[in-house]
Each structure stands twice: as C-alpha cells, then as structure tokens.
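In: A structural model of the following input is requested.
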Amino acid sequence: MSYTVVDKKMIYHCSQADIRGGGGIETYVASLVSSQISGVSDRTITSLHNLDQRQFKLLHIHDQNLLAELRQECPAVFTLHNHSTYCPSGTKYLENRATVCDRTMNPLGCAWGHLVDNCGSRRPQNIIKDWGNAYHPLAILKKLNISVIANSDYVRGQIISSGLSPKKVVTLHCGVQLPKSIPQPLDKETHQNQRILFAGRIVPYKGIEWLIKALAKSDRQIHLDIAGDGWGKPSMEKLANEMGLSKSITWHGWCNSDKLETLYQQCLAVIFPSLWPEPAGLITLEAYARYRPIIASAVGGIPEHVQDGQTGILVSPNNIQQLAEAINNLATNYQKTRLLGEQGQTWFQQEFSLDVHVQRLERIYTKTIADFQSRTL
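Out: Presented below is the predicted three-dimensional model:
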C-alpha cells in the first residue's frame, strides 16, 4: 500500500537529519530547504517506505539508509556527505597508527582496523553492525541507476575505488550561506587582539592535541578560542594546563550561531587541524565568507578548499612546528592576513556561495530528470 504526500510533482530532500540545527549535513540540508529553489519543497521526507514515488519530480537522498527504500520510479540523486558508505567506521583514519586508512573496504581489513588500528569500536557486535551499515548501502548503490554527488574529488575517488562507475559520480563542492550581518575585512585592531579560532567537535582525530602543542610553540600573546564540545575535552583541558596554557585558551563549549559569529569576528584566522581525511569541511568556507584566512591540514578533501598562500596556509598533519610557524606567520603580518582573507572571500563568492552551489545543483537535477525520462520513453 502506498500513499501520496504532494498534490503536484516537486523535488524533495530526503533525510532524517534534524535541520533545525546540528552538524554539517543538518546545516547543509537546512540551507537547501530554505533556499527557495524553484520547484523544491520546503519539507523534507524522512522515510520513503510506502510512498508512491511516481508522484515526485525528483528525490534528493542525503541518508544512505534510505537507499534501500528507493524503487527508481522517479529521478533521484544521492549525495555522499561523508565516508560512511565505503568505510565501516566512517573515519578513514587509523588512530593507533595516526595515519589515513588507504584500504578499500573488505571484511578482514576493516575488522583488523577496528581491533588493532582503533579506527572504530572493538566490540564484536559493533564491528558487525558497522560493517553492515556500510556494506549494504554500497551494494545497493552499485545496483541503482542514479546519479551520485560527491562533496569533494577526494570523496569521489574513494567511492569509485570502492566499485562505483566514474560515469555515475560527479563532484559538487559544498556551498554555505553568507552571515546575517555584512562581513568586513580584517581590521588592525582585531589583528592586534591576536585571537585564533577552532570550531568543531573535541575528539582526537580533529587535531586539538596537535593544535595545543603548536600553540605552546607560538607567540605567547596569541589566544586560542575553542568553540565546541566532545568527549575528548577533559583530557585536552588537562594537557593545556600541564603545558601552562590555561590563560591562553578559552573553552566556549557548544556555541549558538550568534556566539559563533562573535568568535569569527574576533579572530584573525581560523584553524582547521584535522588529522582524519575530512570529506570537505564547511568551516573553511564559513571562514572565507567572513574574510578570515584558514590554516588547515593538507588531508582528505581539505586541500580542494584552500589555495595555499592565496586564501590560507596548508600544513602537514600533526607537524607541530609547521603549524606553529603558520600561526606566527599570520599573527605577525597584518597585511598578509588581511589579503588572504580578502582573496578567500573573493574565491568564496566565485565558487562556494550557496547561490553558486544551488545553480550547479539545479543543472544536475535537470540532467538527472532528462536522463530518467529518456530511459523510460
């Protein structure tokens, strides 16, 4: 039995994410839903089970667990937001070896990764669950005749190496909304305050330990604002205290949008020190939108969003001295820092604004609909 949710054909976003707030996927889907794209519903669909899928103009799926409910009765696209479709742990990072995982998904290698390399839970029931959560959607995706959108060339390469045809996968880099208040270039007074910003979860693979150790080698006038929370926070606070940095770091915890906006305006640069291969990283684009340069690790999809020496500085993951030098470089050079921020903002307007992203997404929708119609004629 099926039922109808619309009285005219429209495009629907399909996700179980809470678009009222949260992480990257939630923010992204919310921005698309509210962007008022022509023919796109302002409602999301959380389940395709028992729906008459012929009623839709197109379904844009964001959750891999919804792929099993797709019957290909209408055009559809699937966005790869993370590694979970081809990596059971979802990280592509081997914590015990402090390195990016270069294995393709297979039972033996992934079990070894969980048990020995600490890429995920060591509990047998969780290993089996993680494997199923990745294996089954990937197997379904290989059979479905739908377009797949990767949010970086790095992610596109990963899913292709996992068995998808290159013809099915297209890269569409993320876009973010401009801040509510009109952003301004970095001024001298803000630069002289010597504040840098980290925003994200406080877990080991986000690189907080690396950042704290680099801060200890940076100019003592530099102050680090940390916006975020996570289970790794107590140990990182302890590390900061042991290194004599308690007065050089402010732990803000989880921040609402207004608080985070204030922290962006107070900083001279944003630090993105991830150790795991971030699929993309919206924080980079959010920094550009506010005329702030980025100092980021050259891993995963991050380098696709940073023009080294033009919009920010790329550093090798876990290289303490290199990160400290990059921080000092911007903290002691106002003109360079302002210029990088301005160039980042220009690049953002050209490539990463939500308007540009939506235009490119609409072209994917148009092609997907046309291809579906040609197959069903």
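In: and the helix or strand in which Glu342 is found, what's its mean pLDDT?
Out: According to DSSP states H and E, Glu342 maps onto helix 334-347. Here helix 334-347 scores 98 as its mean pLDDT.
In: Quick one, grab the pLDDT at Tyr3.
Out: So Tyr3 comes in at 56 (pLDDT).
In: how far away is the residue nearest the centre of the chain from Asn319?
Out: Nearest to the geometric centre of the chain sits Gly281, at 3.6 Å (CA atoms, centre = their mean). Going from Gly281 to Asn319 by CB to CB, to the nearest Å gives 18 Å. All C-beta atoms are positioned from the backbone trio N, CA, C, and that covers glycine.
In: before we move on, back to that, can you tell me, leaving aside adjacent residues, what's nearest to the residue nearest to the centre of the chain?
Out: Leaving aside its chain neighbours, Gly281 sits nearest to Ile302 (5.4 Å; criterion: CB to CB, 6 or more residues apart in numbering).
In: how close does that neighbour sit to Thr311?
Out: Plainly put, Ile302 is 12 Å away from Thr311 if you go by CB to CB.
In: again, but for Ala30
Out: Ala30 is 26 Å from Thr311, where distance means CB to CB.
In: And these two? Which one has more around it.
Out: Using other CB atoms under 10 Å, the more surrounded residue of Ala30 and Thr311 is Thr311, with 24 against 20.
In: Can you give me the buried ones in the least confident helix or strand in the chain by mean pLDDT?
Out: Taking mean pLDDT, DSSP states H and E as the measure, helix 24-33 is the helix or strand of the chain with the lowest mean score, a mean of 79. Neighbour-count burial for helix 24-33, counted by 16 or more other CB atoms under 10 Å, picks out 24-33.
In: ok, which stretches of this structure are helices?
Out: 24-33, 107-115, 124-143, 153-161, 188-192, 208-216, 233-242, 257-266, 282-289, 320-331, 334-347, 354-376 (DSSP state H).
In: so which of those is the most packed in?
Out: Compared across the helices of the chain, helix 282-289 shows the largest average neighbour count, a mean of 25 (mean count of other CB atoms under 10 Å).
In: helices or strands up against that helix?
Out: Judged by 3 or more CB pairs under 8 Å, 6 or more residues apart in numbering; DSSP states H and E, helix 282-289 is in contact with helix 24-33, strand 269-272, strand 294-297, helix 334-347.
In: Take these and write them to CSV, including distance to Ala98.
Out: As requested, the helices and strands packed on helix 282-289 are exported to CSV (distance: least, CB to CB, whole Å):
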stretch, distance to Ala98
helix 24-33, 24
strand 269-272, 18
strand 294-297, 12
helix 334-347, 29
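In: Where does the prediction get shaky in the stretch 151-300 of the chain?
Out: Within the stretch 151-300 of the chain, no stretch falls below the threshold (pLDDT under 70).
In: Now do stretch 333-341: everything it contacts.
Out: With contacts defined as CB atoms under 8 Å, 6 or more residues apart in numbering, stretch 333-341 is touched by 185-186, 188, 191-192, 268-269, 288, 291-293, 310-313, 329-331.
In: same thing with stretch 298-317?
Out: So stretch 298-317 is contacted by 92, 100, 151-155, 173, 207, 210, 269, 272-281, 284-285, 287-288, 293-297, 322-323, 326, 329-330, 340, 343-344, 347, 352 (CB under 8 Å, 6+ apart).
In: how long is it from one end to the other?
Out: 7 Å (CA to CA, to the nearest Å).
In: which parts of it are buried?
Out: Buried residues in stretch 298-317 (16+ other CB under 10 Å): 299-306, 311-315, 317.
In: Between all of those, which two are separated the most?
Out: The two members of the buried residues of stretch 298-317 with the most space between them (CB to CB) are Thr311 and Pro317, at 19.1 Å.
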